[in-house]
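J.: Sequence plus predicted model, see below.
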Amino acid sequence: MNATTQTIATQPDASTTLTGAEVLMKVLVDQGVEVVFGYPGGAVLPIYDALFQQDRIRHILVRHEQAAVHAAEAYARSTGRVGVVLVTSGPGATNAVTGLLDALMDSVPVVCLTGQVPVSLIGNDAFQEADTTGITRPATKYNYLVKRPEELAPVVNEAFEIARSGRPGPVVVDLPKNITVGPAPYAPPSRTPRASYQPRTEPDRKAVARAVAAMKSAKRPLFYVGGGVINAGKEACADLTRLIHMTGFPCTATLMGLGAFPGSDKQFLGMLGMHGTYEANLATHDCDVLIALGSRFDDRVTGRVDAFSPHSFKIHADIDPSQINKIIRVDVPIVGDAGRIIAMMIEEWEAQTAKPDTKALETWWSRIKAWKALDCLRFTQDKSADAIIKPQQAIKRIYELAVETGRETFVSTEVGQHQMWAAQFFKFESPNHWLTSGGLGTMGYGLPAAVGAQVAHPDALVIDISGEASALMNIQELGTIAQYRLPVKIFLINNHYMGMVRQWQELLHGSRYSESYSDALPDFVKLADSFHAKGFRATKMSELDDTIRAALEHDGAAVIDICVAEGENCFPMIPSGAAHNEMILGPEQEEKGAEITDEGKMLV
Ligand SMILES: Cc1ncc(C[n+]2csc(CCOP(=O)(O)OP(=O)(O)O)c2C)c(N)n1
């Protein structure tokens, strides 16, 4: 859904003599905006001037526009509010595109205000002109070009509404300079919803009743929850926990759904998908009723689509009707807000008198327990003092020692093996604390995401789990961290390799490690120092715990270079193109890689 020009009715107030930039400030305040992540330039100078002359909205100056969007995304995901970005025209806007697409794929509400050349110059190849609405159209939920002053306030208000309602996502508002410099009428937020955009939030009770009837007659049920439940809010997650406890069913989650249901709950089987647990994937394969809530059957989850959960009756609840039957055919589609659907499922579960088959459920759980007993996340760590640190050990200890601090903890990640290990070894007990780039898999996400989370939660512990290669993608944000004295802890799981790429090359390309080794890494301790942060390093087992502890206790920003075994691979793993019951559990089974088909290689 897109529009570059909008005609919106307003009641201009003749008595106002505000500039467009001043109107923008008022509208942002009306929308409850407290923080804007941005980077200035010619086209947004009037807005920066208006920011300077007010004290309601705080501006965080990032070092790159991509980082502004990731920071705003993490601010949004960790607070449940809309993240706001302000960038200049041309290169400012194009630098933001990766972040916008990242937010679109992970359904994160962001409003991105972009500067634009004056309307009279649009189309003239003016200095720093870019067709921002054209470029961002496929990367946003919606976008606008404001062409007339009276459109400004209603458009910005509507942008917030669209970003946060239905399936959340990023909205761009392109603001030509003549609009922000010249006079513009102010308009308060309107209560009238937009006629062409009215997401359906209230589910069909009949569909929910059918779903619950299937759940009651299930012999091998499984809940499969995604980020949609987290987007539906804390209450939706609390209700989900209630529902799962009421039913006694097992639950798995997507990468984005971690935290929707408590990670340490005994009904939780861990994440499913390519690097999910053995028990979650086998349960997905063998279940007879699959209850998908706010999850979208991403290829990292389904593996081979024709072999995905082949024997199950499928229930799919999603706020976005276009997701239903898009990838996997389902038996009961339910369109609506995940929170409302879960609440209605609870009511129906209580109202329907049929009793679940507890005997069958017991048998199902004993099969699951047998899969669990395999302990698919095990790894062998030599515990002697001089031993090389395994990356899994590093991440496991970061998690355990962070828990020991007793502090509320937010975790962001970059993309790669470390991300998957973090998803496997961290347990998220509540929603909104796990910040990772799922859909787009954007290296360079974690560091600015940590900035956004720490700005939103100044007293919390904010940790970025990072690979050394990903960290270098937005390392300049150490400057932002220094400027605002954000005490984030950046743990580098340093294997010298683009580890995930190396793993695939091993599996798919005969261990020909083409361009996946970084030979000239910076000295991260000195790098930290030059950005006014504290640098730490651990190179062997005897140093690991003390280094992590010291970094967690340090009251400022820290970069912790943990030098780990270079050749370790991330298991378990469903080779691309394989089914859930064809998992590779460890290196001893890796030669199975030879069986990966050309079609499978395509899916990597
Ligand atoms: C912007 C971007 N470019 C390329 C990739 C492809 N890619 C996925 S994982 C990865 C390697 C990541 O290496 P590192 O950050 O060191 O993490 P590790 O896998 O070693 O834990 C690459 C290059 C990507 N996801 N994002």
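T.: All right, it came through fine.

J.: if I look at Arg148, how far off is Pro189?
T.: Using CB to CB, to the nearest Å, Arg148 is found at 19 Å from Pro189. From N, CA and C alone the C-beta is placed, and that goes for glycine too.

J.: How about the residues of this structure by the ligand?
T.: 414-418, 441-444, 467-470, 493, 495, 497-501 (CB under 6 Å from any ligand atom).

J.: and with 5 Å instead?
T.: Selection of the chain residues close to the ligand by CB under 5 Å from any ligand atom yields 415-418, 441, 443, 467-470, 498-501.

J.: so who does Val488 touch?
T.: Residues in contact with Val488, defined by CB atoms under 8 Å, 6 or more residues apart in numbering, are Ala450, Val451, Gln454, Val462, Ile463, Asp464, Ile481, Ala557, Ala558.

J.: the strands in the stretch 1-150 of the chain, which residues?
T.: Ranges of strands in the stretch 1-150 of the chain, per DSSP state E, counting those that start in this stretch, are 35-38, 58-61, 83-87, 110-116, 142-145.

J.: got these as JSON lines, with mean neighbour count, distance to Arg397 and mean pLDDT columns?
T.: Below are those laid out as JSON lines (neighbours: other CB atoms under 10 Å; distance: least, CB to CB, whole Å; pLDDT from 0 to 100):
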{"stretch": "strand 35-38", "mean neighbour count": "25", "distance to Arg397": "32", "mean pLDDT": "98"}
{"stretch": "strand 58-61", "mean neighbour count": "16", "distance to Arg397": "31", "mean pLDDT": "98"}
{"stretch": "strand 83-87", "mean neighbour count": "30", "distance to Arg397": "31", "mean pLDDT": "99"}
{"stretch": "strand 110-116", "mean neighbour count": "29", "distance to Arg397": "34", "mean pLDDT": "98"}
{"stretch": "strand 142-145", "mean neighbour count": "24", "distance to Arg397": "44", "mean pLDDT": "98"}
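
J.: mind giving me JSON lines with those and columns for distance to Asp298?
T.: As requested, those are arranged in JSON lines below (distance: least, CB to CB, whole Å):
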{"stretch": "strand 35-38", "distance to Asp298": "27"}
{"stretch": "strand 58-61", "distance to Asp298": "31"}
{"stretch": "strand 83-87", "distance to Asp298": "23"}
{"stretch": "strand 110-116", "distance to Asp298": "20"}
{"stretch": "strand 142-145", "distance to Asp298": "23"}
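
J.: what residues are up against the residue nearest to Pro138 when sequence neighbours are not counted?
T.: Sequence neighbours aside, Leu101 is the residue nearest to Pro138 in space, at 7.9 Å (criterion: CB to CB, 6 or more residues apart in numbering). Leu101 makes contacts with Pro138, Ala139, Leu440, as judged by CB under 8 Å, 6+ apart.

J.: With pLDDT added, can I get those residues in CSV?
T.: Shown next, in CSV, are those (pLDDT from 0 to 100):
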residue, pLDDT
Pro138, 98
Ala139, 98
Leu440, 97
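
J.: Contacts for stretch 471-485 next, please.
T.: Applying CB under 8 Å, 6+ apart, the contact partners of stretch 471-485 are 60-64, 66-67, 70-71, 414, 443-448, 450-451, 454-455, 486, 488, 490, 492, 522, 527-528, 531-533, 556-557, 559.

J.: Mind giving me the ChimeraX select for those residues, buried ones only?
T.: With 16 or more other CB atoms under 10 Å as the criterion, this ChimeraX line picks the buried residues out of these:
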select :60,62,63,64,66,67,70,71,414,443,444,445,446,447,448,450,451,454,455,486,488,490,492,527,528,531,533,557,559
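
J.: now, which of the contacts of stretch 471-485 lie within strands?
T.: Ile60, Leu61, Ile490, Leu492, Val559 (DSSP state E).

J.: Mind picking the two most distant members of those residues?
T.: Leu61 and Leu492 (24.5 Å; CB to CB).

J.: If you tally nearby residues, what's the number for Ser264?
T.: For Ser264, the count of nearby residues is 8 (other CB atoms under 10 Å).

J.: typo on my end, it should be Val462
T.: Neighbour tally, Val462, other CB under 10 Å: 30.

J.: pretty sure it belongs to a helix, no?
T.: No - if the criterion is DSSP: H, G, I helix; E, B strand; the rest coil, then Val462 is strand and not within a helix.

J.: contacting residues for it?
T.: Counted by CB under 8 Å, 6+ apart, Val462 has contacts Thr409, Phe410, Val411, Ser412, Ala450, Ala453, Gln454, Leu486, Pro487, Val488, Lys489.

J.: Same list (those residues) but as a markdown table, adding pLDDT.
T.: Converted to a markdown table, the contacts of Val462 look like this (pLDDT from 0 to 100):
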| residue | pLDDT |
| --- | --- |
| Thr409 | 98 |
| Phe410 | 98 |
| Val411 | 98 |
| Ser412 | 98 |
| Ala450 | 98 |
| Ala453 | 98 |
| Gln454 | 99 |
| Leu486 | 98 |
| Pro487 | 98 |
| Val488 | 98 |
| Lys489 | 98 |
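
J.: quick revisit: can you list the ones in strands among the contacts of stretch 471-485 in CSV and add distance to Leu361?
T.: Below are the ones in strands among the contacts of stretch 471-485 laid out as CSV (distance: CB to CB, whole Å):
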residue, distance to Leu361
Ile60, 50
Leu61, 55
Ile490, 44
Leu492, 45
Val559, 48
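
J.: which of the residues you listed lies closest to the ligand?
T.: Leu492 (8.4 Å; CB to the nearest ligand atom).

J.: who does that closest one bridge with?
T.: Leu492 has these beta-bridge partners by DSSP bridges: Ser466, Asp561.

J.: Please tell me I have it right and it contacts Ile463.
T.: No - the criterion here is CB atoms under 8 Å, and Leu492 misses it with Ile463 at 11.8 Å.

J.: chain center to stretch 322-342: distance?
T.: 20 Å (CA atoms, centre = their mean, to the nearest Å).

J.: for it, how far is the first residue from the last?
T.: 20 Å (CA to CA, to the nearest Å).

J.: Now do Asp598 against the ligand, distance only.
T.: 21 Å (CB to the nearest ligand atom, to the nearest Å).
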